[in-house]
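Engineer: After the sequence you'll find the predicted model.
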Amino acid sequence: MIRMEYSITSQKKLRNGVRIPIIGLGTWLAKGKECTKAVLWALEEGYRHIDTASYYGNEQDIRKALERTEVPREDIFITSKLWNSEHGYESAFEAIDKSLQKLNLDYLDLYLIHWPVSGQRIETWKAMEKILEDGKARAIGVSNYMIKHLEEIFRAKKSGEISVIPVINQVEANPFMYREDLHDLCKKNEIQLEGYSPLARTQKFDNALLKKIAEELNKSPAQIMLRWGIQKDIVVIPKSTNHARIRENMDVFDFEISDENMEILDSLNEMHRVTTWDPKHDKMFN
Ligand code: A2P
């Protein structure tokens, strides 16, 4: 399938009509001036999508970049997330207000439940619906939701307890960590998959097959991993605070990975996780 039509300005239309740029800047572990600079560089290079979370502690740093850039607010897609300690109906309203205040924004483009912690998932989702209704977020979704968590949401929708389902599920996704069954379920329900740690935090750049494909296409392993995500219909949000690497990560639109090489990359899946989440107990490890 020819996908060369994609470019840095390409967007995916979500079920509710909102459009999300297919590539965004991840900001986990980016703090202070370094974070502000990274966001400014990204905007300068053409990124129009910035991903943050209250937990990252950098919303104020991103605000500084948004205040300095000449790119209009409405041209930038901004995501933030509700942290584990912010679950609950009333707490969710406080959480988004805090994020909006720190970012100095009237609305987010996307607000996500960061992790599916046990206890108040549906209550929190009801608050997300109100947040959407009130216009504080243009779209609402979830992050790190596995099949069982999505099924819980579908059941709540079916019973009339809630009125909408997420438009996005942001999960760890790269050739070494890909949940095809989850992606299939998302596709079936028009939930866009968004992949964080699309570079597996650099941990797999030395993989021989990945390197071989990168050499063949005259691209870096990072670019191959990102392009794999895009060709899988995954919105990718590589994190970098380095100007050259921010540029490198968006330079993934002048080539295509063949079906044969996509198959080789698919074969690299080993459920290699970079996060510290215990899926059995719905909580963080440690
Ligand atoms: P840095 O911020 O110094 O560029 P992921 O998005 O999978 O979580 O990976 C993030 C990590 O990958 C960060 O350590 C980041 O470091 C590094 N990184 C980002 N882009 C590249 C790249 N193009 N080449 C090498 N390392 C990269």
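Structural biologist: Ah, there it is. None of the values given here were measured: they were computed from a predicted structure.
Engineer: right, and residue 250 touches residue 7 too?
Structural biologist: No. Look at residue 250 against residue 7 with Cβ atoms under 8 Å: they stay out of range, at 9.5 Å. From N, CA and C alone the C-beta is placed, and that goes for glycine too.
Engineer: of those two, who's got more company?
Structural biologist: residue 250 (19 against 13; other Cβ atoms under 10 Å).
Engineer: does the closest residue to the more buried one other than its chain neighbours belong to a helix or a strand, and which?
Structural biologist: Closest residue to residue 250 apart from its sequence neighbours, by Cβ to Cβ, 6 or more residues apart in numbering: residue 8 at 5.1 Å. Under DSSP states H and E, no helix or strand contains residue 8.
Engineer: Please apply the same query to residue 169.
Structural biologist: strand 168-172.
Engineer: Parallel or antiparallel, which strands does that strand pair with?
Structural biologist: Strand pairing for strand 168-172, using DSSP bridges, gives strand 140-143 (parallel), strand 192-196 (parallel).
Engineer: who wins for proximity to the ligand among these?
Structural biologist: With Cβ to the nearest ligand atom as the measure, strand 192-196 is the member of the strands paired with strand 168-172 nearest the ligand (6.6 Å).
Engineer: which is the next helix or strand following the closest one?
Structural biologist: helix 208-217.
Engineer: That following helix vs the ligand: in contact?
Structural biologist: No. Judged by Cβ under 6 Å from any ligand atom, helix 208-217 and the ligand are separated, with a smallest distance of 11.0 Å.
Engineer: centre of the chain versus that helix, how much separation?
Structural biologist: Offset of helix 208-217 from its chain centre (Cα atoms, centre = their mean, to the nearest Å): 26 Å.
Engineer: Adding mean pLDDT, distance to residue 155 and mean neighbour count as columns, could you present the strands paired with strand 168-172 in a markdown table?
Structural biologist: Below are the strands paired with strand 168-172 laid out as a markdown table (pLDDT from 0 to 100; distance: least, Cβ to Cβ, whole Å; neighbours: other Cβ atoms under 10 Å):
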| stretch | mean pLDDT | distance to residue 155 | mean neighbour count |
| --- | --- | --- | --- |
| strand 140-143 | 98 | 15 | 25 |
| strand 192-196 | 98 | 21 | 24 |
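Engineer: a markdown table for these, including distance to the ligand?
Structural biologist: What follows is those, written out as a markdown table (distance: least, Cβ to the nearest ligand atom, whole Å):
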| stretch | distance to the ligand |
| --- | --- |
| strand 140-143 | 14 |
| strand 192-196 | 7 |
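Engineer: Up against the ligand, what does the stretch 51-200 of the chain have?
Structural biologist: Residues of the stretch 51-200 of the chain lying near the ligand (Cβ under 6 Å from any ligand atom): 197-200.
Engineer: ok, which pair from the residues you listed is furthest apart?
Structural biologist: Greatest spatial distance among those (Cβ to Cβ): 198 and 200, at 7.8 Å.
Engineer: Next, show the common contact partners of those two.
Structural biologist: 174, 225 (Cβ atoms under 8 Å, 6 or more residues apart in numbering).
Engineer: Name the residue in the two with the higher neighbour count.
Structural biologist: residue 198 (28 against 23).
Engineer: list the contacts for the more buried one?
Structural biologist: By Cβ under 8 Å, 6+ apart, the neighbours of residue 198 are 173-174, 225-226, 229, 234, 236-238.
Engineer: for these, which one is nearest residue 90?
Structural biologist: Of the contacts of residue 198, the one sitting nearest to residue 90 (Cβ to Cβ) turns out to be residue 237, at 29.5 Å.
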